[in-house]
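In: let's see this in three dimensions:
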Amino acid sequence: MRQVLIIAGKEWRDGMRNRWVLATTVLLAALALTLAFLGAAPTGTVGVSTLAVTIVSLSSLTIFLVPLIALLLSYDAIVGEVDRGTMALLLAYPVARWQVMLGKFAGHLGILSFATVTGYGIAGLALEWAGNADPGAWRAFAVMVASSVLLGGVFIAIGYLVSTLVRDHGTAGGIAIGVWLIFVLLYDMALLGVLVADQGRAVTSKVLNVLLLLNPADAYRLLNLTSTTDVSGFAGVAGLGASTGLGPAALLGALVAWAVVPLAVAIALFSRRQV
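Out: Numbers count the residues shown, from 1 in each chain. As a prediction, this is how the structure comes out:
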């Protein structure tokens, strides 16, 4: 465990020197504040909780931004150090390869967690200070922030898997962008096309549940937009949440599995890779 913490601390310090933490935190805070106040501006006339509106807006922002940030942090974590020759030097110390991988994962997840919690927390505190926050929606807001960190962990693990599989830094970057496009944009477009063409013949509700769980972005979206009545009613997906039958436990379990499985595969591949 000591070796894991040392490597995690090294990744954190490297992130601080590269201004990753500061830049990501400022970006998330600025976008969150903009969505919190401008996106919630009309709620005074319709009686909707401003915090519920903010949760819907930030959930949509997270699906696009957090996976991209996570992949940019992790896509060259292995192949980049191998190319630079620093991985061989690191492995010359009394440290196991799985400890290297877990330490890097902990460090990058710490960077993303700090940026997400701070950035989104600033928006939540600003709404509370302005007197626009509904106390009943704070639980949903906390779930949204925590699941955003978990979603980032998913794509960090996927980025490590990509970084372990390839031998070239540029190839890893291209695949990482492709992964982001598939999970964030193309998958839902293809799923919608299949549903429209199928008309409920082959894609039953159980099949749809499986297809939704096969995309971590969809699991995250459903978790945050259907878990509470206020948020799901405003987001217009209350009916979807009832029809899928996927509860918070199943959606949370899917996200955890999406983080654990790619990381475990990456550790197994890295343990056999020549450096």
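In: what residues sit buried inside the helix or strand containing Ala36?
Out: According to DSSP states H and E, Ala36 maps onto helix 20-38. Under the neighbour-count criterion of 16 or more other C-beta atoms under 10 Å, helix 20-38 has 20-21, 24-25, 28-29, 31-33, 35-37 buried. For the C-beta atoms, the positions are set from N, CA and C on the backbone; glycine is no exception.
In: need the residues you listed in TSV (columns: distance to Leu125).
Out: As requested, the buried residues of helix 20-38 are arranged in TSV below (distance: C-beta to C-beta, whole Å):
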residue	distance to Leu125
Trp20	23
Val21	19
Thr24	18
Thr25	14
Leu28	14
Ala29	11
Leu31	16
Ala32	11
Leu33	10
Leu35	15
Ala36	10
Phe37	13
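In: I'd like to know which of these is nearest to Asp198.
Out: The nearest member of these to Asp198, counting by C-beta to C-beta, is Leu35 at 34.7 Å.
In: burial count for the closest residue to that closest one other than its chain neighbours?
Out: Leaving out its chain neighbours, the residue that sits closest to Leu35 by C-beta to C-beta, 6 or more residues apart in numbering is Ser57, at 4.0 Å. By other C-beta atoms under 10 Å, the residues close to Ser57 number 20.
In: go on, Leu90?
Out: 17.
In: go on, His108?
Out: 27.
In: now do it, the pLDDT please.
Out: His108 carries a pLDDT value of 93.
In: I figured it hits Asp14, correct?
Out: No: in this structure, His108 is not within contact of Asp14 by C-beta atoms under 8 Å, at 9.8 Å.
In: show me what the helix holding Ala36 is packed up against.
Out: Contact here means 3 or more C-beta pairs under 8 Å, 6 or more residues apart in numbering; DSSP states H and E; on that basis helix 20-38 packs against helix 2-17, helix 50-74, helix 97-130.
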